[in-house]
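In: Dropping a prediction and its sequence here:
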Amino acid sequence: MSSALVVGYDPQAIPGVDGEALRAALDAELARFGEHGIDAAMTLVVFDESAESALVASLTRHPWDVVVVGAGIRKTEQLLPLLERIVNLIRRHAPQAAVAFNTGGRDSVEAAQRWL
């Protein structure tokens, strides 16, 4: 079975956003991986000192086939340093994994499938 790790920005840390509703949508997307025969997990990070340790723990927990980086991180200009850190941590701690980018919270499966 193929495996995917989805890395996203924690919706609870986004001001003015219904974090619970967004988290429910992310959980639904994670469930879709199973429907496609892909073992998947999600790591949600915030832009602080905890991001690196949380991501390294997730990257080293399993030999992932692909790591999908969420659009919330990729499209937010202020998070560019976090995106760079994530990409370099993937290279360092999961060099066997392809890197994919979704366009939003509802196409992570398709992003992963491009590389599986």
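Out: Thanks, I have it. Numbering: from 1, shown residues only.
In: Do you know the pLDDT at the spatially closest residue to Ile38 that is not a sequence neighbour?
Out: With CB to CB, 6 or more residues apart in numbering as the criterion, Ile38 has its nearest non-adjacent residue at 5.0 Å, and that residue is Ser2. (Each C-beta comes from the backbone N, C-alpha and C, glycine too.) We have a pLDDT of 98 for Ser2.
In: residue ranges of the helices in the chain, please?
Out: Using DSSP state H, the helices of the chain run over residues 19-35, 50-61, 71-74, 80-93, 108-113.
In: okay, the ones you listed in JSON lines with mean pLDDT next?
Out: Converted to JSON lines, the helices of the chain look like this (pLDDT from 0 to 100):
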{"stretch": "helix 19-35", "mean pLDDT": "91"}
{"stretch": "helix 50-61", "mean pLDDT": "96"}
{"stretch": "helix 71-74", "mean pLDDT": "92"}
{"stretch": "helix 80-93", "mean pLDDT": "97"}
{"stretch": "helix 108-113", "mean pLDDT": "98"}
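In: closest to Val99 out of these?
Out: Val99 lies closest to helix 80-93 among the helices of the chain, at 5.7 Å (CB to CB).
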